[in-house]
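1. Mind folding the following:
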Amino acid sequence: MEQADEADAAASFSLDDTPLARELADLSARRRALEDIDVHLSGRTRVLTVSNQKGGVGKTTTAVNVAAALVSIGARVLVIDLDPQGNASTALGVPHTAETPSVYDVLIDEFPLADIVQVSPESPNLFCAPSTIHLAGAEIELVSQVAREHRLKTALEEYLAGDHRLDFVIIDCPPSLGLLTINAFTAAHEVLIPIQCEYYALEGLSQLLGTVGMIQKHLNPSLYLSTILLTMYDGRTRLAQQVAEEVRTHFPDAVLDTVIPRSVRVSEAPSFGQTVIAYDGQSAGAIAYREAAVEIIQRDRATVNEGGA
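-> You can find the predicted model right below:
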């Protein structure tokens, strides 16, 4: 009988000590920690542009899921979709057919931003300025426009001066460094760069940072790199660990502690017109984005400066 009890105990121990069991226990602990956390919004509107001219790094996925995660912890957020592909609009469940009033109309025809902003079906506190296919031609049309780099900034300032209280504006850029992205940089306070934990992760980053430097010098002195988020992380591979270490070494103050894991749920969510927060809020990907959102709120430069003053 004693041997049988020992065998049962050993079997129980081995089941509890499997990698899957440890992962589930960790996920459960992180869920509880998020439920207990108390965050304080600054009361001012922070404008972040999500940019990386390298495609496939999780840029749009990061933009919409960080936005939804911020909303889930009490923020009011506007996502401006500056990518002609319109994937952010799709993920937020917002119509963006060719006939839909869009960011194109704001940039080219000077529509008020308030005329195009839609409420996402995901939350009454989540808003989207959609993109349409017309935006694909905006790069060429903007060339001849007066104050072409300031079009979005002017429209956003007018919008915020009205009766539109927002905690965050998140601008999803196209994977290029053209006039659309320059408009985003000129309108923003902060740059958020998602970096995929793969071999070519840092390729092209110097060019992006060079563009940010030029914008700071000539168009927007207050712009700064506030956040780097590591995405598509697979802790089982040595490569992902090496990339994460290298990025943290180069940008120790900007890289979030949170990493976004490779996740089937994150990949599936857009096909249902949802963010992963709405699609499966208890999944590993959703929890990681909520943790990232908490860090972004806590890393508010103005709040930190006020606290140290």
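2. Nearest spatial neighbour of Thr211, chain-adjacent residues omitted?
-> Leaving aside its chain neighbours, Thr211 sits nearest to Leu177 (5.2 Å; criterion: Cβ to Cβ, 6 or more residues apart in numbering). C-beta coordinates here come from the backbone N, C-alpha and C atoms, glycine included.
3. now Leu41
-> That would be Asp167: by Cβ to Cβ, 6+ apart, it lies 5.1 Å from Leu41.
4. Ok, Asp115 next?
-> Nearest one to Asp115, counting by Cβ to Cβ, 6+ apart, is Pro101 at 5.9 Å.
5. was I right about Ser263 contacting Asp280?
-> No: when contacts are counted by Cβ atoms under 8 Å, Ser263 is not listed as touching Asp280 (9.1 Å).
6. sorry, back to before: quick one: contacts for the residue nearest to Leu41?
-> Shown in contact with Asp167 (Cβ atoms under 8 Å, 6 or more residues apart in numbering): 41-42, 45-46, 70, 75-77.
7. and Asp172, how many residues sit next to it?
-> By the criterion of other Cβ atoms under 10 Å, Asp172 has 29 neighbours.
8. Which parts of this protein are strands?
-> 46-50, 77-81, 118-119, 126-129, 168-172, 190-196, 224-233, 255-261 (DSSP state E).
9. Please identify the deepest-packed of these.
-> Sort the strands of the chain by mean neighbour count, taking mean count of other Cβ atoms under 10 Å, and strand 77-81 sits at the top with a mean of 29.
10. Okay, now the sheet partners of that strand, with direction.
-> The strands beside strand 77-81 in its sheet (DSSP bridges) come out as strand 126-129 (parallel), strand 168-172 (parallel).
11. Which residue ranges of this protein form helices?
-> With DSSP state H as the criterion, the chain has helices at 2-16, 19-36, 59-72, 87-91, 103-109, 138-142, 151-161, 179-187, 205-218, 238-250, 264-268, 276-279, 284-298, 301-308.
12. Make a markdown table out of those and add distance to Thr227 and mean pLDDT.
-> Formatted as a markdown table, those follow (distance: least, Cβ to Cβ, whole Å; pLDDT from 0 to 100):
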| stretch | distance to Thr227 | mean pLDDT |
| --- | --- | --- |
| helix 2-16 | 37 | 49 |
| helix 19-36 | 19 | 70 |
| helix 59-72 | 9 | 95 |
| helix 87-91 | 18 | 94 |
| helix 103-109 | 23 | 94 |
| helix 138-142 | 26 | 87 |
| helix 151-161 | 19 | 95 |
| helix 179-187 | 14 | 94 |
| helix 205-218 | 13 | 89 |
| helix 238-250 | 12 | 87 |
| helix 264-268 | 18 | 90 |
| helix 276-279 | 18 | 93 |
| helix 284-298 | 6 | 94 |
| helix 301-308 | 11 | 47 |
